[in-house]
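Undergrad: Mind folding the following:
(2 chains)
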There are 2 protein chains.
Amino acid sequence: MEIALKEIREATHEDTISTDPEDLLAHGYSEWSSTNVDHLPVAVAYPKSTQEVSKIASICHKYRVPIVPFSGGTSLEGNVSCPYGGVSVDFAFMDQIIKFHEEDMDIVVQPSVSWMDLNEELAKRQSGLFFPVDPGPSAKIGGMVGTNCSGTNCVRYGSMKDWVINLTVVLSDGTIIKTKRRPRKSSAGYNLNSLFVGSEGTLGLVTEITLKLAVIPPEYSVAVVTFPTIRDAAAAAAGVMRAGIQVAAMEIMDEVQMKVINLSKSTAPRQWKELPTLFFKFSGTKASVKENIAMVSTIARAHNGSSFEFAKDVREQKLLWSARKESLWSMLALRKEGSEVWSTDVAVPFSRLADIIELSKKEMDDLGLFASILGHVGDGNFHESIMYDKRVPGETEKVERCVKNMVVRALEMEGTVTGEHGIGIGKKDSLLMELGHDTLGVMKSIKLALDPHWIMNPGKIIDLPK
Amino acid sequence: MEIALKEIREATHEDTISTDPEDLLAHGYSEWSSTNVDHLPVAVAYPKSTQEVSKIASICHKYRVPIVPFSGGTSLEGNVSCPYGGVSVDFAFMDQIIKFHEEDMDIVVQPSVSWMDLNEELAKRQSGLFFPVDPGPSAKIGGMVGTNCSGTNCVRYGSMKDWVINLTVVLSDGTIIKTKRRPRKSSAGYNLNSLFVGSEGTLGLVTEITLKLAVIPPEYSVAVVTFPTIRDAAAAAAGVMRAGIQVAAMEIMDEVQMKVINLSKSTAPRQWKELPTLFFKFSGTKASVKENIAMVSTIARAHNGSSFEFAKDVREQKLLWSARKESLWSMLALRKEGSEVWSTDVAVPFSRLADIIELSKKEMDDLGLFASILGHVGDGNFHESIMYDKRVPGETEKVERCVKNMVVRALEMEGTVTGEHGIGIGKKDSLLMELGHDTLGVMKSIKLALDPHWIMNPGKIIDLPK
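TA: Next comes the predicted model:
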């Protein structure tokens, strides 16, 4: 290991490698994550170019040193943890926009560009374009590729895999490849974009990403509707999907989550009704937004929706949407000293969403856990945030059981164990339950083919065959 | 081989295997395809279930017999040819809809369901749903998965990879896997859907497909505009994309293609102006369709578009769209005895589309070839159809040179050698030019990992490493 670090320094710069204990802790432990491990990385590497990443990989390959990519560090399932030590490769110095092809509506970026900065930059350049994938605000493009993340815009725009035109990837032995050239559409060979997107750094290190961009719609609006029960809200959402109404976003929040927002005062002085609530974002031309609002309002009323409120101007749009945007922060703000929030997600076919939410809520209530639910309801994808205190005997076990049961329930309903957060270290058993040994076997074969020494983010998604 | 066929008969049914010479010819030679080989399959297998496909694969695996999947048989690059003999697995008896989840807007089908029959069936059931991927009319879902095909609806709805929820795949040794369960969104492990979609049967045999369905928009319209030059037409199309106008389809046809339609009388008595033409399809709500037509008309006029004609009713919609729909048939109808049509595609970034079309047209004109161009212009994807007669000395070579030059040009413009037809046997060299040895090396590693004896559709996409 020492020799490897020395060689990396020699091959790149003296300051590429850090072994500062705080740095190691910041890269090995994450308070965002529900799962953490006892190990830390042995070193953190800060490459400045694809070439340097390649050198780091080839040296690590030679000495069989694990490599764990790191960008925003806000993933939830221990995706950036270092259970086998090794080198955490932090892309902090690779945070540039490389090239903007405005006419082709695409942009080439490095892994540590944050999606929010990217959108600010696009606004500054008055391009009329934006990047629509919107996970947590601190997420960066590299990690977003890793987990195939999405967010509230997914129902209209899809997830990361739908926005990647090509990737520059450093393979485990340092070889640099480009997955594709720059067409928006291709049938040329295996779809390596979609293979690397969502592979959580277990197949290679992504060092450059060409992203599609979308045109900013001329008109937006936001509406909020409350419902007597979560089932009514979910049914209304299903009705909207089934009618083919193109919403820009459609989010569900339960009465607990609405209460959390009121308690945290994050949107004060506004007080929200503490009822199951749907948040809608509309976008398009003036007429289509107006039509969509009317249609959604009719469907909501048919499912006992009341107080359909829509924004009359941009200020009101922001105000209404803020409750959704502040939801996770609101929950975190309520933590008492020592308590933590376990946040996780599953996705099921539309028709089962109300069932799984009801069952999961009931279980948490029965166990006396303080937990809220919110979801990208148009995708059948929902999130549970459970407050707990590790110091209270049995509480961690309760939460773990709840999460496990939610996962099992999702599988019984033909769903998936994660809609947008990935497997990391926290959901490996769940993945096996979801897909079985033979399908996981295919993944293992691919992993072994591309990373024969199993050095790329080892311990994530799948375990080394014994 | 004889033993393998005997074992397949024993393990399935006496009539699973055919060695009828006509049958072998129908599966080994394709008049659709620009590339054919001298070999035919040794036998054609007609499995009736996933279990039977699994038995066939495991027997072929044991005796190292090549397996080539076959459904519609209308691919263009020799994708179903049998250069190493072996067994052509025809899914003709696996043509059923297995399960329709109307509420979840998805449907489970076998490989030989045709997309047109599927849409007829969905219409019959009055579900208000349709399957939007629209390649050539004879295409079947199995082959569509194989080539990651698309069609005119792609600009609005994407390609096959965007519509697959899960696949049942028989691997080379007969193992049966399911790529995912049934959520519309997932971040659980490697994206095997997108790996098998577009892999042309080289990684496994797809025996069951769960497809997303879309809601039929309440309103449609069609418009046709002519332009003085192909550059004007392409620029107008780019303007429409850049304005973010959501067209349901946007197709370009050059003056030759318009002439072909007139000559073939396929839409008689209507006569078309023999000028570069854009065909638009609009869909959505009444107001949004109206707005979109107005915006597109403004953009078209700004690019010298004239005679903007839009359909006043469904009959006129069909009439106007028919020219686009009949384009390939019209070209084929003009063939004199002995002549053939070489049809192929490439895709480039939007901004280069006019350049590549102009250059490619000029080359064909200079060589005295009769050729037409049409394209899914919103995707930067276009098709050349070149008429030629193999018996005329030098003509085949001319066509081959044109196609090669078009491919090279696409690559120089950062494009791809095929937007929607796949690589098959005809574009392997082009794929290598597009991606280089290292990226192809990744594909080979994956291929070897999943098909160590290289029996799955051998000779397609990539060649066995020496």
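Undergrad: all helices for the stretch 351-466 of chain A, in order.
TA: Taking DSSP state H, counting those that start in this stretch as the test, the helices found in the stretch 351-466 of chain A are A:353-366, A:395-412, A:428-450.
Undergrad: for these, which one sits closest to chain B?
TA: Among the helices of the stretch 351-466 of chain A, the nearest to chain B by CB to the nearest CB is helix A:428-450 (3.8 Å). (C-beta placed from N, C-alpha, C; glycine too.)
Undergrad: Which elements pack onto that closest one?
TA: In terms of contacts (3 or more CB pairs under 8 Å, 6 or more residues apart in numbering or on different chains; DSSP states H and E), helix A:428-450 is packed against helix A:395-412, strand B:176-178, helix B:192-196, helix B:428-450.
Undergrad: wait, which of those is closest to B:Ile299?
TA: Nearest of the helices and strands packed on helix A:428-450 to B:Ile299, taken as CB to CB: helix B:428-450 at 32.1 Å.
Undergrad: what's the closest non-adjacent residue to A:Asp162?
TA: Closest residue in space to A:Asp162, ignoring its immediate chain neighbours: B:Asp162 at 7.0 Å, by CB to CB, 6 or more residues apart in numbering or on different chains.
Undergrad: can you count the residues close to that neighbour?
TA: As a burial measure, B:Asp162 scores 19 neighbours (other CB atoms under 10 Å in any protein chain shown).
Undergrad: backbone phi and psi for it, please?
TA: Dihedral pair for B:Asp162: phi -80, psi -10, per degrees, to the nearest 10.
Undergrad: Identify the residues contacting it.
TA: Residues near B:Asp162 by CB atoms under 8 Å, 6 or more residues apart in numbering or on different chains: A:Gly158, A:Asp162, B:Lys212.
Undergrad: and which of those residues is nearest to B:His376?
TA: A:Asp162 (17.6 Å).
Undergrad: measure the closest one to A:Gly198 for me?
TA: Applying CB to CB, to the nearest Å, the value for A:Asp162 to A:Gly198 is 12 Å.
Undergrad: May I see the buried residues of the helix or strand of chain A with the lowest mean pLDDT?
TA: When each helix and strand of chain A is scored by mean pLDDT, DSSP states H and E, helix A:327-333 comes last, with a mean of 86. Buried residues in helix A:327-333, counted by 16 or more other CB atoms under 10 Å in any protein chain shown: A:Ser327, A:Leu328, A:Ser330, A:Met331, A:Leu332.
Undergrad: Turn those residues into a markdown table, columns for distance to chain B.
TA: Shown next, in a markdown table, are these (distance: CB to the nearest CB, whole Å):
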| residue | distance to chain B |
| --- | --- |
| A:Ser327 | 19 |
| A:Leu328 | 18 |
| A:Ser330 | 24 |
| A:Met331 | 21 |
| A:Leu332 | 22 |
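Undergrad: related to what we said a few turns ago, would you mind finding the most buried of the helices and strands packed on helix A:428-450?
TA: helix B:192-196 (a mean of 25; mean count of other CB atoms under 10 Å in any protein chain shown).
Undergrad: so what secondary structure elements neighbour it?
TA: Under the contact definition 3+ CB pairs under 8 Å, 6+ apart, helix B:192-196 sits against helix A:192-196, helix A:428-450, strand B:164-170.
Undergrad: What is the subsequent helix or strand relative to that helix?
TA: strand B:205-212 (DSSP states H and E).
Undergrad: Nearest the geometric middle of chain A, what residue?
TA: Geometric centre of chain A, nearest residue: A:Cys149, 3.7 Å, by CA atoms, centre = their mean.
Undergrad: what about that one, is that helix, strand or coil?
TA: What DSSP: H, G, I helix; E, B strand; the rest coil gives for A:Cys149 is coil.
Undergrad: can I assume it is in contact with A:Asn381?
TA: No. Using CB atoms under 8 Å, A:Cys149 is not in contact with A:Asn381; the gap is 11.3 Å.
Undergrad: what touches both of those two?
TA: What both A:Cys149 and A:Asn381 touch, as defined by CB under 8 Å, 6+ apart, is the set A:Glu420.
Undergrad: For the closest residue to A:Val80 other than its chain neighbours, give the beta-bridge partners.
TA: Excluding the flanking residues, the one nearest A:Val80 by CB to CB, 6+ apart is A:Phe70, at 5.1 Å. Beta bridges link A:Phe70 to A:Asp90, judged by DSSP bridges.
Undergrad: Quick check, A:Phe70 in contact with A:Ala26.
TA: No. Using CB under 8 Å, A:Phe70 is not in contact with A:Ala26; the gap is 9.3 Å.
Undergrad: more crowded one of those two?
TA: Neighbour totals were compared for A:Phe70 and A:Ala26, and A:Phe70 leads with 30 against 17 (other CB under 10 Å).
Undergrad: Now for the more buried one: which residues touch it?
TA: A:Phe70 neighbours (CB under 8 Å, 6+ apart): A:His27, A:Val44, A:Val80, A:Ser88, A:Val89, A:Asp90, A:Phe91.
Undergrad: residues in contact with the third one?
TA: The reference is to A:Val80. A:His27, A:Ser30, A:Ser33, A:Val68, A:Pro69, A:Phe70, A:Gly73, A:Ser88, A:Gly143.
Undergrad: farthest-separated two in those residues?
TA: A:Ser33 and A:Pro69 (15.1 Å).
Undergrad: So, low pLDDT: which residues of the stretch 101-250 of chain A?
TA: The stretch 101-250 of chain A contains no residues with pLDDT under 70.
Undergrad: quick revisit: pLDDT check: weakest of the contacts of A:Val80?
TA: Ranked by pLDDT, the contacts of A:Val80 bottom out at A:Ser33 (86).
Undergrad: so how far is A:Lys428 from that one?
TA: 14 Å.
Undergrad: ok so, going back, turn the helices and strands packed on helix A:428-450 into TSV, columns for distance to B:Asp355.
TA: Shown next, in TSV, are these (distance: least, CB to CB, whole Å):
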stretch	distance to B:Asp355
helix A:395-412	49
strand B:176-178	44
helix B:192-196	30
helix B:428-450	18
